[in-house]
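**Q** Take this sequence and fold it.
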Amino acid sequence: MVLAAGLGTRMRPLTDDRPKALVEVGGRALIDHVLDRLAEAGVERAVVNVHWFADRLESHLAARGRGPEIVISDERAELLETGGGLKKARPLLGDAPVFVANIDSVWIDRGDALADLVRLWNPETMDAALLLARREGSIGFEGDGDFFLSEDARLTFRGDAPSAPFAYMGVHITRPGYADDGPAGAFSLSPLWRKSAAEGRLFGCVLDGDWMHVGDPQARDQAEARLAREV
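**A** You can find the predicted model right below:
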């Protein structure tokens with residue numbers, strides 16, 4: 001499930017005429033960075049939600065010419081946020097565990113981050129397994145961190161602590177029906193994660209590499225400069 005329906009307001013003026021998913025970094029649209037990563041991890045079918053400039057995004061996806069196969073979850077009528085988007089897409093997702101991915105995450109991988117996430121995932125003990133990045137050295141992330149990570153890979157939220165070492169980097173694995181009991185309309189996955197964390201069922205693993213959170217034009221420029229150094 002690729003979450004591509006957002007308005008991209010922080011990315012303006014780059015999103016005045018396109019969805020955030022089609023902003024380019026290093027010569028490729030953000031959504032292509034994500035879909036290519038998923039394809040490399042063995043994903044054969046991806047559900048993509050659309051809202052802002054939906055027609056343009058659908059045309060781009062139809063012309064990609066490579067996997068994974070794309071199925072559209074249409075949110076033109078109402079933007080549903082992360083939880084609502086997952087809930088609406090439930091009939092399209094099947095019954096196997098799913099990657100859920102944001103489109104504003106680009107990374108340089110010195111290991112195999114998505115394979116690490118797959119190896120970590122255990123539906124018997126987990127509600128969700130999150131891919132994390134170390135806060136220090138990340139591009140485009142200016143917060144105080146999201147999580148603490150225990151030795152057994154369980155996650156706890158930062159809470160009242162002044163900072164936490166790890167940030168959620170935009171990809172996780174969960175059950176396709178994880179958001180089914182959420183409210184009608186738009187809602188975030190964050191309250192569900194907080195409940196899971198309190199129950200000891202939220203886990204994570206850390207990227208061995210460099211994460212770029214491409215949330216605004218400055219971060220886009222910084223990410224382009226970082227990718228250029230890899231060529």
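**Q** Name the helix or strand for residue 60, please.
**A** Assessed by DSSP states H and E, residue 60 sits inside helix 54-62.
**Q** what comes up buried for the next helix or strand after that helix?
**A** On the C-terminal side of helix 54-62, the closest following helix or strand by DSSP H and E is strand 69-74. Within strand 69-74, the residues that count as buried by 16 or more other Cβ atoms under 10 Å are 70, 72-73. Every C-beta, even on glycine, is put in place using the N, C-alpha and C of the backbone.
**Q** ok, for residue 85, nearest residue in space, not its chain neighbours?
**A** residue 49 (4.8 Å; Cβ to Cβ, 6 or more residues apart in numbering).
**Q** all strands for this protein, in order.
**A** Ranges of strands within the chain are 2-3, 24-25, 28-29, 45-50, 69-74, 98-102, 105-109, 128-134, 147-149, 155-157, 166-174, 202-206, 209-213, based on DSSP state E.
**Q** I'd like those strands laid out as TSV, including mean pLDDT.
**A** Formatted as TSV, the strands of the chain follow (pLDDT from 0 to 100):
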stretch	mean pLDDT
strand 2-3	97
strand 24-25	94
strand 28-29	95
strand 45-50	97
strand 69-74	96
strand 98-102	97
strand 105-109	93
strand 128-134	96
strand 147-149	96
strand 155-157	96
strand 166-174	96
strand 202-206	97
strand 209-213	93
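**Q** Format those strands as TSV; extra columns: distance to residue 10.
**A** Shown next, in TSV, are the strands of the chain (distance: least, Cβ to Cβ, whole Å):
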stretch	distance to residue 10
strand 2-3	15
strand 24-25	15
strand 28-29	17
strand 45-50	19
strand 69-74	23
strand 98-102	13
strand 105-109	14
strand 128-134	19
strand 147-149	22
strand 155-157	23
strand 166-174	15
strand 202-206	25
strand 209-213	11
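**Q** In space, what's closest to residue 94 - neighbours in sequence excluded?
**A** Distances taken as Cβ to Cβ, 6+ apart place residue 176 nearest to residue 94, at 6.5 Å, with adjacent residues excluded.
**Q** Run through the residues that contact that neighbour.
**A** Applying Cβ atoms under 8 Å, 6 or more residues apart in numbering, we find residue 176 in contact with 86, 90, 93-98.
**Q** With neighbour count and distance to residue 22 added, can I get those residues in a markdown table?
**A** Formatted as a markdown table, these follow (neighbours: other Cβ atoms under 10 Å; distance: Cβ to Cβ, whole Å):
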| residue | neighbour count | distance to residue 22 |
| --- | --- | --- |
| 86 | 29 | 22 |
| 90 | 17 | 26 |
| 93 | 19 | 24 |
| 94 | 11 | 27 |
| 95 | 8 | 31 |
| 96 | 8 | 29 |
| 97 | 18 | 28 |
| 98 | 23 | 23 |
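**Q** Now do the contacts for the closest residue in space to residue 33 that isn't next to it in sequence.
**A** Among residues not flanking residue 33 along the chain, residue 106 sits closest, at 5.0 Å (Cβ to Cβ, 6+ apart). Counting by Cβ under 8 Å, 6+ apart, residue 106 makes contact with 25-26, 30, 33, 211-212, 214, 223, 227.
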